[in-house]
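Undergrad: test case, fold it:
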Amino acid sequence: MTKFWPTVAALMWKDIMLELRTKDIVISILAFALLSLVIFNFALGPSSQITSAVAPGVLWVAFTFAGVLGLTRSFVLEKDQGNLIGLMLTPTSREAIYVGKMLGSFFFMLMSEIILLPVFAVLFNISPFRLELLLIILLATIGFASIGTLFSAIAINTKSREIMLPMLFLPIVVPIIIGAVMASSTAFESGPWSDMVKPVQLIVVFDVVALIFSAFAFEHVLQE
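TA: So this is what the prediction gives:
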């Protein structure tokens, strides 16, 4: 346990510093998500009634597909530069490697979402800066990053990794997407917290199960 958190911090710091130099992941996420928001904005038109009804779905479609794009690149450099083998040879637990990579992905996704929220507010004329919505985004992003890191490690060993990750990942995270859209819709309408409890509970349960399962399964994925 004494080596666990230093290893996690070192892996996360390495991913952050590498991204600050290359900016591949964040730029890819932002470009795709911004394009999605702009397309939806023009497709829906100026009707405020339609916009307010579909805004939660639009927001999470942008977050989901942009997140998939970022997760696809999570292990690309590790694989292409041979770092993945080096990580497997280090005398540290596979759970520490998983948590470090997961926190790195979580950080990139969260930073991108924070940047996208003001753009969403301008394009759709809806204020997303509500405490309930920010909590929903935080919880959903944890689930995305936790299960996405595992499937990213699985997909990296396939020839069609850009195709395999969405095929494996998206069906699994449907509960998070449904819960996030339902809870976000209530938050946009300034509904009571009691109406958000069940969707948020769904997200929390998924997060806990995803974290535990992925941490234990990650070692077998690396060995393959």
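Undergrad: do I have it right that G148 meets R73?
TA: No. Using Cβ atoms under 8 Å, G148 is not in contact with R73, being 11.4 Å away. The way it works is simple: take the backbone N, C-alpha and C, and place the C-beta from them, glycine included.
Undergrad: between the two, which is the more surrounded one?
TA: G148 (29 against 21; other Cβ atoms under 10 Å).
Undergrad: mind telling me what element the more buried one is part of?
TA: helix 131-155 (DSSP states H and E).
Undergrad: and the next helix or strand past that helix?
TA: Using DSSP H and E, the helix or strand that follows helix 131-155 in sequence is helix 161-172.
Undergrad: tilt between that next one and helix 131-155?
TA: 130 degrees (axes from the mean of the first three to the mean of the last three Cα atoms, to 10 degrees).
Undergrad: list the helices and strands helix 161-172 packs on?
TA: When contacts are defined as 3 or more Cβ pairs under 8 Å, 6 or more residues apart in numbering; DSSP states H and E, helix 161-172 packs onto helix 48-72, helix 131-155.
Undergrad: just those helices: most buried one?
TA: Highest mean neighbour count of the helices and strands packed on helix 161-172: helix 131-155, a mean of 23 (counted as mean count of other Cβ atoms under 10 Å).
Undergrad: off-centre distance for it?
TA: 4 Å (Cα atoms, centre = their mean, to the nearest Å).
Undergrad: report the inter-axis angle for that helix versus helix 48-72.
TA: Using the same axes, to 10 degrees: helix 131-155 against helix 48-72 is 40 degrees.
Undergrad: avg pLDDT for helix 131-155?
TA: Helix 131-155 shows an average pLDDT of 91 in the prediction.
Undergrad: other SSEs contacting it?
TA: helix 48-72, helix 94-124, helix 161-172, helix 174-188, helix 197-223.
Undergrad: which of these sits closest to I39?
TA: Taking Cβ to Cβ, helix 48-72 is the member of those nearest to I39, at 9.6 Å.
Undergrad: what's that closest one packed up against?
TA: Counting by 3+ Cβ pairs under 8 Å, 6+ apart, helix 48-72 packs on helix 24-44, helix 94-124, helix 131-155, helix 161-172, helix 174-188.
Undergrad: tell me the most buried of those?
TA: Highest mean neighbour count of the helices and strands packed on helix 48-72: helix 131-155, a mean of 23 (counted as mean count of other Cβ under 10 Å).
Undergrad: and the angle from it to helix 94-124?
TA: Using the same axes, to 10 degrees: helix 131-155 against helix 94-124 is 130 degrees.
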